[in-house]
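In: model this:
(chains A and B)
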Amino acid sequence: MFDRLNKMNFEIAEAHCDAPCGVYDPSSARLGAESVLSMTKKILDLKAPDASDAAATAAYHNTLTRYILVKEEQARIAKEEILILWTDYFKPVHLETYPNLHDTFWKAAKLCSACKVEVSLEHANELMTAIKEIHEIFWATKGRDVPWFTAS
Amino acid sequence: MENKLPIADEFEELAYNRGLREIFLIEGDSMFPALKNGDLVLINPNAEIAVGDIVLARHPFKKSVKIIKRIAEILPDEKYFLVGDNPSESSDCRSFGAIRSEDILGKAICRLP
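Out: Sure, this is the predicted structure:
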């Protein structure tokens, strides 16, 4: 009898994956934060031209606006990637090993916001430090030794 | 964990015919290799359960959803900590906490051929 049963007739017992792909990597947040740091440096280094030079002033505003746009967007991306790791990858069991986990992620997300609002080299560097800490925790939970590196 | 469920025998078929067993269709691979996507599994709602058993349970947050996992630990307050055999592909008690005893619906005892 069992061999004549139709599978479609039975209720489902779910044995589903947590995420369709299960692929997480702090590198996505690191790339965003690196761009934020780079743009912050470029904004701070940019020299305003003589106000009487119309062409130079236009070029200055254009360049400054582009730097600001990239900093805004990359800070947003870094924050989103941090939140994905925090809320989707990390589980309550990780808190047992890393009791400061929530504080680490909360501060990293706050730094992304600060870097959007300000032109602060200090906060941009702090964001990189926070993401380095997340990188170390993340790969430790995977049992893998992945050295920290930067693209720039 | 390799604890694969045995294939149902004539006794289990008789128990099913008398309404003492229920059949569920496995959807997902979080219990692989013990159970794989598409398997039919026989549940005994009245069986004694212990650590290491595969059980059917009501999802703690989505009451209409039933999940199938292995008991990793029975906590002192009669809550059950369930995990998938395939942890990297499983949404389990590490995500949603321990399951209350009233939400354990039965023990998986065998697979259908």
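
In: The host helix or strand of A:Tyr67 - what's its average pLDDT?
Out: According to DSSP states H and E, A:Tyr67 maps onto helix A:54-84. Average pLDDT, helix A:54-84: 95.

In: One more: stretch A:115-128?
Out: Averaged over stretch A:115-128, pLDDT sits at 98.

In: Give me the contacts around that stretch.
Out: With contacts defined as C-beta atoms under 8 Å, 6 or more residues apart in numbering or on different chains, stretch A:115-128 is touched by A:30, A:33-34, A:36-37, A:40-41, A:43-44, A:71-72, A:75-76, A:78, A:108, A:111-112, A:114, A:150. Glycine gets a C-beta too; all of them are placed from N, C-alpha and C.

In: got it, and stretch A:71-79?
Out: Contacts for stretch A:71-79 (C-beta under 8 Å, 6+ apart): A:28-29, A:31-33, A:35-36, A:39-40, A:43, A:109, A:112-113, A:115-116, A:127, A:131.

In: For ChimeraX, write the selection for the buried entries among those.
Out: In ChimeraX, a selection of the buried entries from those looks like this (16 or more other C-beta atoms under 10 Å in any protein chain shown):
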select /A:28,29,31,32,33,35,36,39,40,43,109,112,115,116,127,131
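
In: Report the secondary structure state of A:Ile12.
Out: Here A:Ile12 is recorded as strand under DSSP: H, G, I helix; E, B strand; the rest coil.

In: got the contact list for A:Ala151?
Out: For A:Ala151, the contact set (C-beta under 8 Å, 6+ apart) comprises A:30-31, A:34.

In: now those as JSON lines including distance to A:Asp88, pLDDT and secondary structure?
Out: Converted to JSON lines, the contacts of A:Ala151 look like this (distance: C-beta to C-beta, whole Å; pLDDT from 0 to 100; DSSP: H, G, I helix; E, B strand; the rest coil):
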{"residue": "A:Arg30", "distance to A:Asp88": "17", "pLDDT": "95", "secondary structure": "helix"}
{"residue": "A:Leu31", "distance to A:Asp88": "18", "pLDDT": "93", "secondary structure": "helix"}
{"residue": "A:Glu34", "distance to A:Asp88": "22", "pLDDT": "96", "secondary structure": "helix"}
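
In: Could I get the full set of helices for chain B?
Out: Under the criterion DSSP state H, chain B contains helices at B:10-17, B:93-96.

In: The residue most central in space within chain B: what's it in contact with?
Out: Nearest to the mean C-alpha position of chain B, by C-alpha atoms, centre = their mean, lies B:Val55 at 2.5 Å. B:Val55 makes contact with B:49, B:68-71, B:80, B:82, B:104-108, according to C-beta under 8 Å, 6+ apart.

In: what do you get for A:Asp25?
Out: Residues counted as contacts of A:Asp25 (C-beta under 8 Å, 6+ apart) are A:Phe138.

In: In chain B, what residue spans correspond to strands?
Out: Here chain B has its strands, by DSSP state E, at B:22-27, B:40-44, B:54-58, B:66-74, B:79-83, B:99-100, B:104-111.
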